[in-house]
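[1] sequence first, predicted coordinates after that:
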Amino acid sequence: MTNEPDQRPWGSYTILGNDDGYQVKEIVVHPGKRLSYQRHAHRSEHWYVVRGSGLVTLDGEQRGIGVGGAVDVPIGQLHRIENNGTGPLVFVEVQVGSYLGEDDIERVEDDFGRS
């Protein structure tokens, strides 16, 4: 486990904790950036926004989210979050599943050319 942020083109994430079957991250999304539109085969996610505001897409349906807002992402559901505010969007992500590796990401659309 590392407490150093892992930099991404949209922002960064820091692993806060993990154990068998779960992982907790703090995710920071820069203004105007968004994560890839993706799904996971082996994990579900729960997001809790602690700073900023954003736009969540779940299976093509969009809704705004702000501080105190929460999102449940079941295994296999297409999802994305983007920062549509002027400051950082910060949320805590709790992953639960049989496999939590970064290669359990099927990207359907990505602003940064990743597959």
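    Looks like it arrived, so ask away.
[2] show me what residue 56 is bridged to.
    Note on residue 56: beta-bridge partners by DSSP bridges are residue 63, residue 81.
[3] just give me the neighbour total for it.
    As a burial measure, residue 56 scores 19 neighbours (other Cβ atoms under 10 Å). C-beta coordinates here come from the backbone N, C-alpha and C atoms, glycine included.
[4] give me the below-cutoff pLDDT ranges for the protein.
    Along the chain, the parts satisfying pLDDT under 70 run over 1-2.
[5] 90 instead, please
    Flagging of the chain using pLDDT under 90 yields the residue ranges 1-4, 102, 113-115.
[6] so which residues of it form helices?
    Using DSSP state H, the chain contains no helices.
[7] give the residue farthest from the middle of it.
    Computed with Cα atoms, centre = their mean, the residue of the chain farthest from its C-alpha average is residue 20, at 19.8 Å.
[8] test my guess that residue 100 contacts residue 18.
    Yes: the pair residue 100 / residue 18 is scored as a contact, 7.2 Å apart, by Cβ atoms under 8 Å.
[9] which one's more surrounded, the two?
    Using other Cβ under 10 Å as the criterion, residue 100 and residue 18 rank with residue 100 on top: 16 against 13.
[10] hey, what's the closest residue to the more buried one other than its chain neighbours bridged with?
    Spatial nearest neighbour of residue 100, chain neighbours left out: residue 23 (4.8 Å); criterion: Cβ to Cβ, 6 or more residues apart in numbering. Beta-bridge partners for residue 23, by DSSP bridges, are residue 18, residue 95.
[11] contacts only, for residue 23.
    The contact partners of residue 23, taken as Cβ atoms under 8 Å, 6 or more residues apart in numbering, are 15, 17, 94-95, 100.
[12] repeat that for 10 Å
    Listed by Cβ atoms under 10 Å, 6 or more residues apart in numbering, the contact set of residue 23 reads 1, 15-17, 43, 45, 93-97, 100-101.
[13] spit out the contact partners of residue 60.
    Residue 60 makes contacts with 37, 78, as judged by Cβ under 10 Å, 6+ apart.
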